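model the following, please.
(2 chains)
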Number of protein chains: 2
Amino acid sequence: MAPVKISIIGAGSAVFSMRLVNDLCKTKGLAGSLVSLMDVDEQRLNGVHELASRYVRELGADLRFEKTTSLETCLHEADFVINTALVGGHAYLNKVRAIGEKHGYYRGIDAQELNMVTDYCTITNFNQLKFFVDVARLMEKICPNAWLLQTANPVFEGTNLISRCSNIKVVGFCHGHYGVIEMAEALGLDENKMDWQVAGFNHAIWLNRFIYDGRNGYELLEKWIQEGNLEKWRPKNPFDLQMSPAAIDMYRFYGIMPIGDTVRNSTWYYNKDFETKKKWYGEPWGGPDSEEGWKWYEQQLKTTTDAIDFLSKNRTLKLLSLNTYLKFLPKGAVPVEMKKEVEVFSSPDKLSGEQHIPFIDSLVNNNARRFVINVPNEGYIEGVPNGVFVEVPAIVDKDGWHVEKIEPKLTDKVLRFYLWPRMMRMEWALHAIMNGDKAALIEFLMRDPRTKTLEQAKAVIEEILNLPENQQMKTHYEKGLKL
Amino acid sequence: MAPVKISIIGAGSAVFSMRLVNDLCKTKGLAGSLVSLMDVDEQRLNGVHELASRYVRELGADLRFEKTTSLETCLHEADFVINTALVGGHAYLNKVRAIGEKHGYYRGIDAQELNMVTDYCTITNFNQLKFFVDVARLMEKICPNAWLLQTANPVFEGTNLISRCSNIKVVGFCHGHYGVIEMAEALGLDENKMDWQVAGFNHAIWLNRFIYDGRNGYELLEKWIQEGNLEKWRPKNPFDLQMSPAAIDMYRFYGIMPIGDTVRNSTWYYNKDFETKKKWYGEPWGGPDSEEGWKWYEQQLKTTTDAIDFLSKNRTLKLLSLNTYLKFLPKGAVPVEMKKEVEVFSSPDKLSGEQHIPFIDSLVNNNARRFVINVPNEGYIEGVPNGVFVEVPAIVDKDGWHVEKIEPKLTDKVLRFYLWPRMMRMEWALHAIMNGDKAALIEFLMRDPRTKTLEQAKAVIEEILNLPENQQMKTHYEKGLKL
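This next block holds a predicted model:
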């Protein structure tokens, strides 16, 4: 038993926090740990704290909590810091997206070639990226030996930025690689007979290895396609994209399958308008990053928030019995995703699937496990400069991560047509923010196929800089400040 | 004295060949050398052979010639091979450009972001790139120890392609760095007091070092701008761009000056139509790569070819007296550029400025000199992968090249916003041709801001593949052949 202090920044994201609490309760090696819940939204923080405490009591787990709105308090004596905060929240995303659309940028200026995930703002969310750096630098002062588990998007830009602006140990987390399991399910495969690897950047990973029961798994994918399954394919929800026409078209071009959110991060010509998105990502949503898909997602979030609110206020409800309550609700009243969550919470041993707590357990208790994590490249992906964060499979134990040899290598086309252009845009974003280089922000947009004139690019940047919440951003870029 | 055999492929380019012959005649250490003139156009070949022989006789130089239409004969026992051939000639360039324009690609599909030089075809000129490789592979059989001095465009794609497809020693040549001298003249500086360096790729070089008489030369450039010289600037001819608004705007963004053809290789928003080109590259031509600029250039070529033709037929004319003849012609009858050539030819010791013969002399006779050449990167430019050809200053002697330490380094912005995107397009072109990957050709165009639909990109590629001279290209791409 090795109790640690785990600090969750942005703990008001109730579902995410509860997943971590769930995993902690069920990880014996971390019994006695202290979880510091930190959020600027006190109401949501209180709700999560109440639920988490109740859940621990119900399970009889050995876990302590503190709640705070102070970053300093949260970081005090932390061993692990999990940053999941979205500065400005969805309201800000929606606002800048609307400004982008007004200036001719469908889905906003952050919706870039090979980077179309809606909450992955690399250009407009100065406050978010700046906060990443602020957290890391505060950690240098308060808990310099702690690990930073970077979870908030953009993970790719974020991990690279943090590593260039601080000496904190940072690792990036995502669950996009579970797309492999979705694919296995679609192909009717037994997950346990699969030998797979993915590699790339966050939200830009590719199935370089796919062996099923000793044979080339891609033959099974070909068979799935040839049997007309692509034509029959319909998404169950906006996020159900692993077998979409977009994914298969990318597979055809790049030679291997894009996994998870990589499918969303495709070319402009799958994404130029809603009609086109529907063609490539399925009816009726056109994927999660369309107007309809994102509306669906925000509705889900609201339902969940309401449920969390209800649960936190009704203290007599047993969290461990949620699964039983659900059975009495009419069919369809609860979204599938929530049902899965509830199943996990209601079980005495099921884990959430988030990698954070198992990762901490592996490190602290030398409990070696396989993860897919974002760490600085050290020759793992040939052709990507060392130091750039790559998302790769690794065994983690007390000595840290041991990245698997990526074999076979990613295809030439993935490297040249996907990873490099994606990396270049990361470098553009980081150059701009690290140097307060407004001309670079504008030039970033000049390389966007939607930009017709220099004036258009300048105007949209000006309007965003002039938002009241972007006063610091404006000063930063107008004075050319270094980060 | 160390006589060598120098083989010129595409020797029918009379001016270029005569420049080399001029330099050879005036390089004592190479006396007794054999020059093999090779071209498929026998008439032009004969003309050049006649002129070259006469010039040697007039100068009393010790130089022998052979002329041949056979590549094998030309390469036989060669020590140095200079490839300057443009397969398909200007007629092919003009034809594919017209097809491009019909499909909505102003100045053709090869006119790409950061690669706008008209005869630098990276997508459409399969025959040219294939020929580069054929020459190198034939050299492996016939003259495996010879050096290949790659001069024909595209030099960047060409040198990289050759080095990946053969083991021949290849070096790329260009004279774009003389833009430094043009800049010095514009600023009224004494060339001998300048300490300068350029670095980058071919047609993509930047003035990383500019010290004048011990002080920062960029202050002098700033002064030139502040004194209103940019507003007063007018081009003397379409190629006179070193101090153009485009160059200065690039300097403002990238922090250092683009040199020579780099100014032509700018962003789409200087180049989207003729009116825009005129704004950035000056009236009335809008640079050499506009319709008017290229027309001017082709007219110049014709005047020169006619003059060469006239000279080769009128055998009683003394080439060494050309300068005297010129004086009797009315002012303006002969283009400035030709006057410079004639001055060189008429002089007993002036060199042409082409680097090839001095380079050979440096290698063969250990006559150390400074060059700007294209060689594989070996850490010279940080951030560019090793093996990719870079254009850098180097001292050449009997041991080969010794690249200068590039100091100060290129700016971050040159690397991230210019060299990487340019390199990426080189990699796309090489991937496509080396794998016969038609989908990659189409995707290349999908990343072009002028492409509106997939159909548009497919249609223009199809039309080009279906040209009668592109039968081999078509087979290559339809069968997915490796190069």
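
beyond the longest helix belonging to chain A, next helix or strand please.
If you go by DSSP state H, chain A has its longest helix at helix A:291-313. Per DSSP states H and E, the first helix or strand lying C-terminal to helix A:291-313 is helix A:322-326.

quick one: contacts of that next one?
The contact list for helix A:322-326 (Cβ atoms under 8 Å, 6 or more residues apart in numbering or on different chains) reads A:Leu311, A:Leu317, A:Val334, A:Lys339, A:Val342, A:Glu343, A:Phe345, A:Ser346, A:Ser347. Backbone N, C-alpha and C define where each C-beta goes, glycine included.

so which bits of it are buried?
Buried residues in helix A:322-326, defined by neighbour count with 16 or more other Cβ atoms under 10 Å in any protein chain shown: A:Leu322.

how far off centre is that helix?
Averaging C-alpha positions (Cα atoms, centre = their mean, to the nearest Å) puts helix A:322-326 28 Å from its chain's average.

next SSE downstream of it?
Next along from helix A:322-326, by DSSP H and E: helix A:336-346.

okay, now the nearest residue to A:Ser33 once chain neighbours are set aside: neighbour count?
Distances taken as Cβ to Cβ, 6 or more residues apart in numbering or on different chains put A:Pro3 closest to A:Ser33, at 4.6 Å, once the chain neighbours are dropped. Using other Cβ atoms under 10 Å in any protein chain shown, A:Pro3 is surrounded by 16 other residues.

give the contact list for A:Pro3.
A:Pro3 neighbours (Cβ under 8 Å, 6+ apart): A:Leu30, A:Ala31, A:Gly32, A:Ser33, A:Leu34.

follow-up on the earlier one: residues in contact with the longest helix of chain A?
Counting by Cβ under 8 Å, 6+ apart, A:14-15, A:18, A:46-48, A:50-51, A:90, A:107, A:118, A:237-239, A:274, A:277, A:281, A:284-288, A:317, A:319, A:322, A:335, A:337-338 sit against helix A:291-313.

quick one: end-to-end length of stretch A:361-380, please.
24 Å (Cα to Cα, to the nearest Å).

buried residues in that stretch?
So stretch A:361-380, judged by 16+ other Cβ under 10 Å, has buried residues A:361-365, A:371-377, A:380.

so how far is A:Met424 from A:Ile381?
Separation of A:Ile381 from A:Met424 (Cβ to Cβ, to the nearest Å) stands at 15 Å.

coming back round to it: any of the contacts of helix A:291-313 buried? List them.
A:14-15, A:18, A:47-48, A:50-51, A:107, A:118, A:237-239, A:274, A:277, A:281, A:285-288, A:319, A:322, A:335, A:338.

which residues sit in contact with the residue positioned nearest the centre of chain A?
Per Cα atoms, centre = their mean, the C-alpha nearest to the average position across chain A is that of A:Cys174, at 4.6 Å. Listed by Cβ under 8 Å, 6+ apart, the contact set of A:Cys174 reads A:Thr151, A:Val155, A:Asn202, A:His203, A:Gly260, A:Asp261, A:Val372, A:Asn374, A:Glu391.

which residues are in contact with the residue nearest to the fourth one when sequence neighbours are not counted?
For A:His203, ignoring the flanking residues on the chain, the nearest one in space by Cβ to Cβ, 6+ apart is A:Asp261 at 4.2 Å. For A:Asp261, the set of contacting residues under the criterion of Cβ under 8 Å, 6+ apart consists of A:Val117, A:Cys174, A:Gly176, A:Gly179, A:His203.

check contacts around A:Arg422.
Contacts of A:Arg422 (Cβ under 8 Å, 6+ apart): A:Leu114, A:Asn115, A:Phe156, A:Phe201, A:Ala204, A:Asn265.

partner residues bridging the second one?
Listed beta-bridge partners, A:Asn115: A:Gln112 (assigned using DSSP bridges).

show the pLDDT at it.
At A:Asn115, the pLDDT value in this model is 98.

also the last one?
Per-residue confidence for A:Asn265 comes out at a pLDDT of 98.

measure it to A:Gly400 for me?
Distance, A:Asn265 to A:Gly400, by Cβ to Cβ: 28 Å.

helix or strand: which one has A:Asn94?
Per DSSP H and E, A:Asn94 falls inside helix A:89-102.

who are the contact partners of the closest residue to A:Val384 other than its chain neighbours?
Once flanking residues are discounted, A:Val384 sits nearest to A:Asn377: 5.0 Å by Cβ to Cβ, 6+ apart. A:Asn377 makes contacts with A:Val384, A:Pro385, A:Asn386, A:Gly387, A:Val388, A:Phe389, A:Val390, as judged by Cβ under 8 Å, 6+ apart.

got it, and A:Leu454?
Contacts of A:Leu454 by Cβ under 8 Å, 6+ apart are A:Ile442, A:Met446, B:Tyr269.

can you put these in CSV and add pLDDT, secondary structure and distance to B:Glu455?
Below are the contacts of A:Leu454 laid out as CSV (pLDDT from 0 to 100; DSSP: H, G, I helix; E, B strand; the rest coil; distance: Cβ to Cβ, whole Å):
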residue, pLDDT, secondary structure, distance to B:Glu455
A:Ile442, 98, helix, 31
A:Met446, 97, helix, 26
B:Tyr269, 95, helix, 25
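
domain-wise, how is chain A divided?
A:1-87+A:125-175+A:353-404, A:177-292, A:412-479 (the TED database).

distance to B:Lys95 for those domains - can I get that in a markdown table?
Below are the domains of chain A laid out as a markdown table (distance: least, Cβ to Cβ, whole Å):
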| stretch | distance to B:Lys95 |
| --- | --- |
| domain A:1-87+A:125-175+A:353-404 | 36 |
| domain A:177-292 | 28 |
| domain A:412-479 | 27 |
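
can you tell which of those is closest to B:Glu463?
domain A:177-292 (20.1 Å; Cβ to Cβ).

that's all I had, so thanks and see you.
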